[in-house]
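Q: quick one: sequence plus predicted model below, questions after.
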Amino acid sequence: MEFKNLGVNDALLKAINDQHYDTPTPIQEQAIPPTLEGRDVLGLAQTGTGKTAAFAVPTLQNLSLQRNQKQKRVIRSLVLTPTRELAIQIQESFESYGRYLPLKSTVIFGGVGQGKQVAMLKSGVDILVATPGRLKDLVNQGHVNLAAIEIFILDEADRMLDMGFINDVRQIIKLLPQKKQTLLFSATMPKEITQIVDQLLVDPVRISITPVSSTVDTVEQSVYFVDRNHKIDLLADLFKKERMDSVLIFTRTKHGANNVVKDLEKRKIKAQAIHGNKSQEHPDVHSETYYHASPEP
Ligand code: AMP
């Protein structure tokens, strides 16, 4: 699959080529075509999946198709993201992907003076990337008008919730026109976000991208809730029940690692600690804090 097969136009293909992206990532492959068609998109994806280009590229293309050069610029796309760092990165992405298009973007975030941001807004922008608090401030002061938004992007929705911005987000959504295209990205779907999705998105295309670091299917995972005093008993019990020839145990501290070894040895389970305070000669695995424990038959 190539970007040109996704319906991306030449100006954007050239900019993507400048970034040396060979092929679209899975989220780009799945999100770009429906976004170009004007559909709402719900993307379950984390940072690192290429989601910024997945929403920025088709947004730029859609905005550029309809831009009337004679009109004064008004904000036609709003990207809401929880942190200043993300906001800056996203706006840089819009700048790089949109370098051959006649569109302007700017970024606003809190914790700094607002003078420069207001001046940029006054000069006219098509795309605004913002964190919620500063956006609300500038809307209240009359520096930002959201009445002409055509494409709204809510990025990292679950982090908005974690960081306590969800009410700001809800208030901002109320200021947007009813008719618009919405793209919502979240790594997880807590119920508050599901509610927003249900109210905000119209017949969305749902895309779910497994994070790169997810565990392979062949690895079985379990969690045991156990109080501190019984952890070793539980471990010994697991060794008894299932035959394990080679086991790695990770602990939080070096001291904890030594204690696990002592406790296992008391139960006749051979174990060794490997951590930064031990020489690397023996055993021959180099790592910070982990164990190799082999139960005796
Ligand atoms: P994101 O998930 O949007 O934060 O992107 C993560 C990183 O992947 C960024 O550094 C992008 O520049 C890079 N990236 C995005 N799309 C592609 C692609 N198709 N090929 C290679 N790198 C990419």
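A: Arrived safely, thanks for sending.
Q: now do the helices in the stretch 1-150 of the chain.
A: Along the stretch 1-150 of the chain, counting by DSSP state H, counting those that start in this stretch, helices occupy 10-18, 26-36, 51-65, 84-97, 115-123, 132-140.
Q: and the second one, how far out from the chain's middle?
A: Going back to what we said before, that points to helix 26-36. Taking C-alpha atoms, centre = their mean, to the nearest Å, the mean C-alpha location of helix 26-36 is offset from the chain mean by 16 Å.
Q: contacts for that helix?
A: Identification of contacts with helix 26-36 by C-beta atoms under 8 Å, 6 or more residues apart in numbering yields 1, 3, 6-8, 24, 41, 43, 45, 49-51, 53-55, 57-59, 61-62, 181, 183, 205, 207, 209. Using the backbone N, CA and C atoms, a C-beta is placed for each residue, glycine as well.
Q: give the contact list for whichever residue of the stretch 51-200 of the chain sits closest to the ligand.
A: Among the residues of the stretch 51-200 of the chain, Thr52 lies closest to the ligand, at 3.1 Å counting by C-beta to the nearest ligand atom. Listed by C-beta under 8 Å, 6+ apart, the contact set of Thr52 reads Gln89, Ile90, Ser93.
Q: reformat these as a markdown table; add neighbour count and distance to Phe152.
A: A markdown table is the format used below for the contacts of Thr52 (neighbours: other C-beta atoms under 10 Å; distance: C-beta to C-beta, whole Å):
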| residue | neighbour count | distance to Phe152 |
| --- | --- | --- |
| Gln89 | 16 | 19 |
| Ile90 | 24 | 14 |
| Ser93 | 20 | 17 |
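Q: which one of the residues you listed is nearest to Ala130?
A: Ile90 (9.8 Å; C-beta to C-beta).
Q: which residues touch that closest one?
A: Per C-beta under 8 Å, 6+ apart, neighbours of Ile90: Thr52, Ala56, Val79, Thr81, Val107, Val129, Asp155.
Q: out of these, which are buried?
A: Thr52, Ala56, Val79, Thr81, Val107, Val129, Asp155 (16 or more other C-beta atoms under 10 Å).
Q: from those, which is closest to Pro177?
A: Val79 (16.0 Å).
Q: what about this structure, any weak spots by pLDDT?
A: The model of the chain has pLDDT under 70 over residues 67-70, 211-217, 277-297.
Q: what does it have sitting close to the ligand?
A: Taking C-beta under 6 Å from any ligand atom as the contact definition, the chain meets the ligand at Tyr21, Pro24, Thr25, Gln28, Thr47, Gly48, Thr49, Gly50, Lys51, Thr52, Ala53.
Q: pull out the buried members of those residues.
A: Tyr21, Pro24, Thr25, Gln28, Thr49, Gly50, Lys51, Thr52, Ala53.
Q: mind putting the residues you listed in CSV, distance to Val223 included?
A: Formatted as CSV, those follow (distance: C-beta to C-beta, whole Å):
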residue, distance to Val223
Tyr21, 38
Pro24, 36
Thr25, 31
Gln28, 34
Thr49, 26
Gly50, 31
Lys51, 29
Thr52, 33
Ala53, 36
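Q: tell me the secondary structure at Leu183.
A: strand (DSSP: H, G, I helix; E, B strand; the rest coil).
Q: closest to Ala257 among the contacts of Thr52?
A: Gln89 (37.9 Å).
Q: residues contacting that closest one?
A: Neighbours of Gln89 in contact, by C-beta under 8 Å, 6+ apart: Thr52.
Q: quick one: Ile274 from Ile249, how far?
A: 11 Å (C-beta to C-beta, to the nearest Å).
Q: go on, Pro58?
A: 47 Å.
Q: higher neighbour count, those two?
A: With neighbours defined as other C-beta atoms under 10 Å, Pro58 and Ile249 compare such that Pro58 has more, 28 against 17.
Q: for the more buried one, give me its contacts.
A: Pro58 neighbours (C-beta under 8 Å, 6+ apart): Val8, Ala31, Ile32, Thr35, Leu36.
Q: how about Val205?
A: Val205 touches Gln30, Ala31, Pro34, Arg39, Asp40, Val41, Leu42, counting by C-beta under 8 Å, 6+ apart.
Q: from these, which single one is nearest Asp198?
A: Leu42 (10.4 Å).
Q: show me the beta-bridge partners of the closest one.
A: Leu184, Arg206 (DSSP bridges).
Q: does it touch Ile209 like I think?
A: No: contact criterion C-beta atoms under 8 Å: Leu42 and Ile209 do not qualify, at 11.7 Å.
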